[in-house]
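In: This is the structure alone, sequence omitted:
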């Protein structure tokens, strides 16, 4: 699936060496408060301008973009930014069309992707989590509906990551059909799918907030051959 993202030894005097290391040595990052980010700088995108640009006021990423794509001979209906947003807003992202899965191990998906920077990772350590509005009509036939956040450790080197085997098992959460509703995920809520994927160390997503390569929504039918109607909406995406 394309995505589109020690310590130098210190020389102490003999006296210092004999003193307990806990005396007077504090971790400078311990209990360090998070950056106070204004509300408008937490907004990733609401699609209201009708373009594929994320909010230019987003903290640390003034030039982010949205993309919608598939592969394996599949095409998402365009444009994907259309009228009919959540909470009476004007616009939203609507990802829909017919997905053909050949069952050949290619795992085609209909993906909405937010890319924060032209290249390299984004640092989201100023935030606690992410929320967005999501709608998925019952006509959607995907067997897997998932929101995820790729990091360097879950992307292959060809996509700017460090993974060399069983890549693309990103931290995320499963989604289900239903009308517009707000989905809220603390970063600590996001997990990888069980049973596969190259190990990530440390294993918790909160240890990798400065390695975020983007955000994405995927609807697919795993490796089951067949033709499926895909239909979902995303709006009002923001950090908190």
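Out: Cool, the structure landed. Just so you know, these numbers come straight off a predicted model, no measurement behind them.

In: could you point out the longest strand in the protein?
Out: If you go by DSSP state E, the chain has its longest strand at strand 226-239.

In: mind listing what it pairs with, with the direction of each?
Out: Take DSSP bridges as the rule and strand 226-239 pairs in its sheet with strand 43-45 (antiparallel), strand 91-101 (antiparallel), strand 129-136 (antiparallel).

In: which of the residues in the shortest one are buried?
Out: The neighbour-count criterion (16 or more other C-beta atoms under 10 Å) identifies 43, 44, 45 as the buried residues of strand 43-45. Any C-beta I mention is one placed from the backbone N, CA and C, and that applies to glycine too.

In: Can I get those residues in JSON lines including distance to residue 103 and pLDDT?
Out: Formatted as JSON lines, the buried residues of strand 43-45 follow (distance: C-beta to C-beta, whole Å; pLDDT from 0 to 100):
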{"residue": "43", "distance to residue 103": "40", "pLDDT": "98"}
{"residue": "44", "distance to residue 103": "35", "pLDDT": "98"}
{"residue": "45", "distance to residue 103": "34", "pLDDT": "98"}
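
In: Just send these back as a markdown table, with distance to residue 219 too.
Out: Shown next, in a markdown table, are the buried residues of strand 43-45 (distance: C-beta to C-beta, whole Å):
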| residue | distance to residue 219 |
| --- | --- |
| 43 | 24 |
| 44 | 20 |
| 45 | 19 |
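
In: so who does residue 138 touch?
Out: residue 177 (C-beta atoms under 8 Å, 6 or more residues apart in numbering).

In: For it, pull up the helix or strand it's in.
Out: Using DSSP states H and E, residue 138 falls within no helix or strand.

In: Check residue 179 too.
Out: strand 178-186.

In: And residue 172, by the same measure?
Out: If you go by DSSP H and E, residue 172 is part of strand 171-174.

In: which of the residues in that strand are buried?
Out: Buried residues in strand 171-174 (16+ other C-beta under 10 Å): 171, 172.

In: next one: stretch 51-68
Out: With burial defined by 16+ other C-beta under 10 Å, the residues of stretch 51-68 counted as buried are 52, 54, 55, 58, 59, 61, 64, 65, 66, 67, 68.
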